[in-house]
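> Below is the structure, and that's it, no one-letter string:
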């Protein structure tokens with residue numbers, strides 16, 4: 001039975017409430033963890049796609065910005081050689097490309113905001129997932145939890161990243177306290 005209909009449901013859920021109404025908390029928690037893993041995989045895919053869209057727009061804007069300068073250089077060259085029609089045509093093209101760049105900038109801003117939002121959701125999901133796996137260890141005991149399915153590569157990588165973040169923060173706290 002699905003417990004969540006949206007990724008935000010996972011973030012805002014109360015595991016305590018879910019488990020309190022369950023007849024078999026361990027089974028329910030296993031189901032919840034599977035759904036969380038699916039949600040995390042989905043969030044990672046969407047974040048990756050959002051990042052690719054953002055990067056594509058950045059690249060496109062950079063290419064068009066280069067074209068603006070190229071059209072300006074052509075206009076100067078045409079004017080220097082006495083070709084006013086050529087200069088006018090180059091400046092027309094320059095303005096068109098500038099308009100395109102101005103149209104793409106809000107799209108880039110939206111893509112950046114979407115990417116950052118998906119990263120926030122992903123981190124929140126990872127936190128909920130960590131909470132759920134800790135509860136599973138408490139419910140089953142460490143020996144039974146060791147026999148459970150191994151965590152996915154992405155989950156293991158996320159745990160390693162969290163450990164690195166925690167270690168970096170710990171070192172910063174040591175430095176603050178030590179000097």
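Right, received. Where do you want to start? Note that the structure is predicted; figures quoted are calculated from it, not measured. Residues are numbered from 1 along each chain as shown.
> where does residue 70 sit relative to residue 76, distance-wise?
Here residue 70 is placed at a distance of 11 Å from residue 76 (C-beta to C-beta, to the nearest Å). All C-beta spots, glycine's among them, are computed from the backbone N, C-alpha and C.
> hmm, I was thinking of residue 30
70 Å.
> who's more crowded, these two?
Taking other C-beta atoms under 10 Å, residue 30 and residue 76 do not tie; residue 30 has more neighbours (17 against 13).
> If we ignore the residues flanking it in sequence, what's nearest that one?
Using C-beta to C-beta, 6 or more residues apart in numbering and skipping residues adjacent in sequence, the residue nearest residue 30 is residue 136, 7.1 Å away.
> can you give me the helices in this protein?
Taking DSSP state H as the test, the helices found in the chain are 7-12, 15-20, 25-80, 84-140, 142-147, 153-178.
> Spit out the contact partners of residue 87.
74-76, 78-79 (C-beta atoms under 8 Å, 6 or more residues apart in numbering).
> For ChimeraX, write a command that selects the buried ones of these.
Filtering the contacts of residue 87 down to the buried ones (16 or more other C-beta atoms under 10 Å) takes a single ChimeraX command:
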select :74,75,78
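> is it possible to export the contacts of residue 87 to TSV including pLDDT?
Formatted as TSV, the contacts of residue 87 follow (pLDDT from 0 to 100):
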residue	pLDDT
74	97
75	97
76	97
78	96
79	95
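> Least confident secondary structure element in the protein?
Across the helices and strands of the chain, mean pLDDT, DSSP states H and E gives its lowest value to helix 142-147, namely a mean of 53.
> domains of this protein?
As assigned by automatic domain parsing, the chain contains the domains 7-148, 152-179.
> Lowest mean pLDDT across these, which one is that?
Lowest mean pLDDT of these: domain 152-179, a mean of 75.
> wait, isn't residue 60 in contact with residue 103?
No. If you go by C-beta atoms under 8 Å, residue 60 and residue 103 don't touch, sitting 10.9 Å apart.
> These two - which one has more neighbours?
residue 60 (15 against 10).
> Without its sequence neighbours, what residue ends up closest to that one?
Using C-beta to C-beta, 6+ apart, the nearest residue to residue 60 is residue 104, at 6.2 Å.
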